[in-house]
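J.: Predicted model and sequence below, questions to follow.
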Amino acid sequence: MSTDLLRTRIFRALDTFAIEIPSWGFANTGTRFGKFQQAAAASTIEEKFADAAEVNRLTGTTPTLALHVLWDLPNGLKDVDNIKALEKKTGVRAGSINPNLFQELEYKYGSICNPSAEVREKAIAHLLDSVEIGKAVGSAEVSLWIADGSNYPGTQSIRRRIGWAKEALARTHAALAPGQTMLVEYKPFEPAFYHTDIADWGMALELARAAGPQARVLVDTGHHYQSTNIEQIVAWLLELRALGGFHFNDRKYADDDLTLGSVDPYQVFRIFHELLFDQYARKTDSSPAFMIDQSHNLKGKIEAMVQTVSTAQELYAKAALIDQEELAHLQDACKLVEAEELFRGAFWQDVRPVVQEWRTLRGLPANPLQALREGGYVERITNERQARNAVGQSSYA
């Protein structure tokens, strides 16, 4: 591939690439064994928007911030005016709205699938409130992760819980505004260990279909069993026009929420290839919603976010280098080694110089991580926030 063609493909890909970052990625979090405080962590919605704006200033590709209703809008619709003021102040827009159905004590035995009709109604009311918040801030997606499930055989009715889930999602879908999408996420286990009510993409797909035409499946790269072929799931959902969005992260064992590409960058590349092939086949630049869902417990939070976004740009640029016509020709001829080498050749291509050129031409730092370290932002917010963070607080366990 000529240098000019390589440069053109990468520039075109990056010009259309955007990825949403999560508010909770800037907050103090931890594990079930302990919470690890960071002096620079954000503890208010104002600080989360400020941190998101810094990431967008450095990378130029994170225009929206995913919001968690319980943590970011604890007063519901009353907090919308503050969100709009922060959008205007920072230039970062409110992104997907994420209901919280896993933290309150009433949800010990489930939320929308709880045997108690009263608890189910409370959960549905929260979903409907989340839809209204999404309408008020102009969010395109309401993103549902349902943690419901059970730990022991025979203790819950799997069949009845399916019906309760269908009812809840149908009622939530009916409240959507035109143009809003309801994303249905799945996860095989944790916090439940015997059965999870929405455990895989097939269950999520059926629930989305039953809910209505504005429902789609959300794929979280960490929500799969070991060795699952995630890109095949992506290909199927694209074929069925049922893929609504991604939560990108990396993992070694389970839902580790590690920085993107830290363990298996080739997997992310393969997923991006399927998405870009879909664009090529349909002759469009549109794509599902790209979002990051990570919890940075050991790495510095803003540094980890910038690292993830930069890695996503580079892996997306690599996938854009695949010659789709030539690859199809080699595949149809069953030229296995040649096809694989064309595919792998794009992955092994060092795109960093061209990505840096793209950034520079658009007024962005060529090296976002270096610019973050040299800019003094982390040092400044550390000084401002360390006393408050020393007290100890977190978004979730």
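T.: In hand now; what should we look at?
J.: For this protein, which segments are assigned as strands?
T.: For the chain, strands defined by DSSP state E occupy the ranges 21-22, 30-31, 34-35, 64-68, 93-98, 141-144, 149-150, 181-185, 195-196, 215-220, 243-248, 289-292.
J.: Tyr316 is in contact with Phe17, correct?
T.: Yes: Phe17 is in contact with Tyr316 according to Cβ atoms under 8 Å; the separation is 5.3 Å. C-betas here are computed from N, CA, C, even on glycine.
J.: low pLDDT regions in the stretch 151-300 of the chain?
T.: Under the criterion pLDDT under 70, no range of the stretch 151-300 of the chain is flagged.
J.: now the residue nearest to Ala94 when sequence neighbours are not counted: how far from Gln214?
T.: Counting by Cβ to Cβ, 6 or more residues apart in numbering, the nearest residue to Ala94 once its immediate chain neighbours are dropped is Val137, at 4.1 Å. According to Cβ to Cβ, to the nearest Å, Val137 and Gln214 sit 18 Å apart.
J.: of these two, who's got more company?
T.: Neighbour count, other Cβ atoms under 10 Å: between Val137 and Gln214, Val137 has more, with 20 against 17.
J.: got a list of what that one touches?
T.: By Cβ atoms under 8 Å, 6 or more residues apart in numbering, Val137 lies in contact with Leu67, Val80, Ile83, Lys84, Glu87, Ala94, Ile97.
J.: Next up, the contacts around the fifth one.
T.: By Cβ under 8 Å, 6+ apart, the contact set of Glu87 is Phe49, Arg93, Ala94, Val137.
J.: The second one contacts Pro63, correct?
T.: Yes: between Arg93 and Pro63 there is a contact under Cβ under 8 Å: 6.0 Å.
J.: ok so, going back, and the contacts of Glu87, which is closest to Ala304?
T.: Of all the contacts of Glu87, Phe49 has the smallest distance to Ala304: 17.9 Å, by Cβ to Cβ.
J.: Excluding residues flanking it in the chain, which one is nearest that closest one?
T.: Phe49's closest residue in space is Leu86 (Cβ to Cβ, 6+ apart), at 4.3 Å.
J.: burial measure for the one you found, as a count.
T.: For Leu86, the neighbour count with other Cβ under 10 Å is 21.
J.: for the one 10 residues further on, same thing?
T.: By the measure other Cβ under 10 Å, the count of residues near Ser96 is 24.
J.: Columns distance to Ile230 and pLDDT on top of the contacts of Glu87, output as TSV?
T.: Formatted as TSV, these follow (distance: Cβ to Cβ, whole Å; pLDDT from 0 to 100):
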residue	distance to Ile230	pLDDT
Phe49	31	98
Arg93	28	98
Ala94	28	98
Val137	31	98
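J.: So which of those is the closest to Trp348?
T.: Using Cβ to Cβ, Arg93 comes nearest to Trp348 of the contacts of Glu87, at 36.0 Å.
J.: In contact with that closest one, which residues are there?
T.: Applying Cβ under 8 Å, 6+ apart, we find Arg93 in contact with Pro63, Thr64, Leu65, Glu87, Gly138.
J.: what's the closest non-adjacent residue to it?
T.: Excluding its sequence neighbours, the residue lying closest to Arg93 (Cβ to Cβ, 6+ apart) is Thr64, at 4.9 Å.
J.: on that earlier part again, and Phe17 and Tyr316? which has more neighbours close in?
T.: Legend: neighbour count by other Cβ under 10 Å for Phe17 and Tyr316, higher for Tyr316 (27 against 19).
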